[in-house]
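In: what would the 3D arrangement of this be:
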Amino acid sequence: MAAYLLRRMINYLFLVIIAASVTYLLAAFIFHPENNWLARHPQPSAATIRSELLARNEWRGTSIWTRYANWVNGLLHGNLGTEIGGNSVASDMARRIGVSARLLLLSTIIGSVGGVVVGVWGAVRQYKAFDRVTTGASLLVYAMPVFTLAILLQMFAVWFNNATNTHFLYYVNEVSDPNAPFWNFSNLVDRFEHLILPTLSVSLGSIAFFSRYQRATMLDVMGSDFLRTARAKGLTKNQAIFRHGARTAIIPVATLLSYNAVLLFTGAVFTEIIFTWHGMGEWFITSIGQNDVNSVAAVGIFTSILVLVAGLISEILTVALDPRVRV
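Out: From the prediction side, this is the model:
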């Protein structure tokens, strides 16, 4: 198993290098960072603009391959470059990874576990009331754009707060007082209250998505021979389903679960923007709008590493759930 995973990791590592390089080269070729200075009033001199762009390795007068070589050299020394605003890309990315992690950790757990449970139980209760209600609700949420669901949750928060004369549901920002000590109890409670609606926005979509796949795979498994054999050996229907059937049915969904869990770091764009969470998704969109080559390249590196992590998690889950892969 260890040799198998090592081979897979080496393959993924080459893919990370290729994906990161392609992202940088495309950004360096397409973006025009000088527009950020040309749009200012008063407009800086050409010499000032050139000096600023050279300092960021973004001067288009320099060969793209020279800029790429400088960028790779910086990476080897732990330097991701400088943003358009002058801040360090590495420090800003570290801060935004923390923001996205706080937003997505709970929602990923709820979405993954909830989707599997709803899908399995819906298959067990096929065409019963639970199955029909969850199927209709899942299709409704899945068909609804993410930003629509987020805005509806914000509208509900406004109504709820007005109806109860409270401020329990917050619909903007990560915390009321950013300067408050992080581990202060009242500050942690405040952060949790700010987390409720964004978590619902992400987790409801995940539950709707995964429950459909899980229900379909569970229905395929329930008619299989090995479940009938388990019943013939004396197991009850529920014991056979949940000891053997559910484990087998989760295997095809495990890959989706692992990739979804890590790629949400850069995929929850609408949720972060609507609820004003300054995470990786928002940073990616902002960087594209500002023609920020170094920041977009950093997001590309981070996303490719996430794909590597997701692939490894998927392989480990598959090996753990399916003994045949070990052979």
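In: can you give me the strands in this protein?
Out: Ranges of strands in the chain, per DSSP state E: none exist.
In: pLDDT-wise, which helix or strand of it ranks last?
Out: Using mean pLDDT, DSSP states H and E, helix 323-326 stands out as the lowest-scoring helix or strand of the chain, at a mean of 60.
In: the nearest residue to residue 294 once chain neighbours are set aside and residue 72, how far apart?
Out: Residue nearest to residue 294 in three dimensions, not counting chain neighbours: residue 81, with 3.4 Å by C-beta to C-beta, 6 or more residues apart in numbering. Backbone N, C-alpha and C define where each C-beta goes, glycine included. Distance, residue 81 to residue 72, using C-beta to C-beta, to the nearest Å: 11 Å.
In: ditto for residue 84
Out: From residue 84 to residue 72 the distance is 21 Å (C-beta to C-beta).
In: how about residue 248?
Out: 45 Å.
In: since we're on residue 215, how many residues are nearby?
Out: By other C-beta atoms under 10 Å, the residues close to residue 215 number 24.
In: distance of it relative to residue 116?
Out: With C-beta to C-beta as the criterion, residue 215 and residue 116 are 10 Å apart.
In: comparing residue 81 and residue 72, which residue is more hemmed in?
Out: A side-by-side neighbour count of residue 81 and residue 72, using other C-beta under 10 Å, places residue 81 first with 22 against 14.
In: for that one, give me the pLDDT.
Out: Listed pLDDT for residue 81 reads 87.
In: surely it and residue 89 touch.
Out: Yes - if you go by C-beta atoms under 8 Å, residue 81 and residue 89 touch, sitting 5.0 Å apart.
In: between these two, what contacts are shared?
Out: 294, 298 (C-beta atoms under 8 Å, 6 or more residues apart in numbering).
In: quick one: the helices in the stretch 151-300 of the chain?
Out: Applying DSSP state H, counting those that start in this stretch to the stretch 151-300 of the chain gives helices spanning 185-222, 225-232, 237-240, 246-267, 269-274, 280-289, 293-321.
In: just say which of these is most tucked in.
Out: Among these, ranked by average contacts under mean count of other C-beta atoms under 10 Å, first place goes to helix 269-274 (a mean of 22).
In: same for it, what does it pack against?
Out: helix 89-124, helix 146-164, helix 185-222, helix 280-289 (3 or more C-beta pairs under 8 Å, 6 or more residues apart in numbering; DSSP states H and E).
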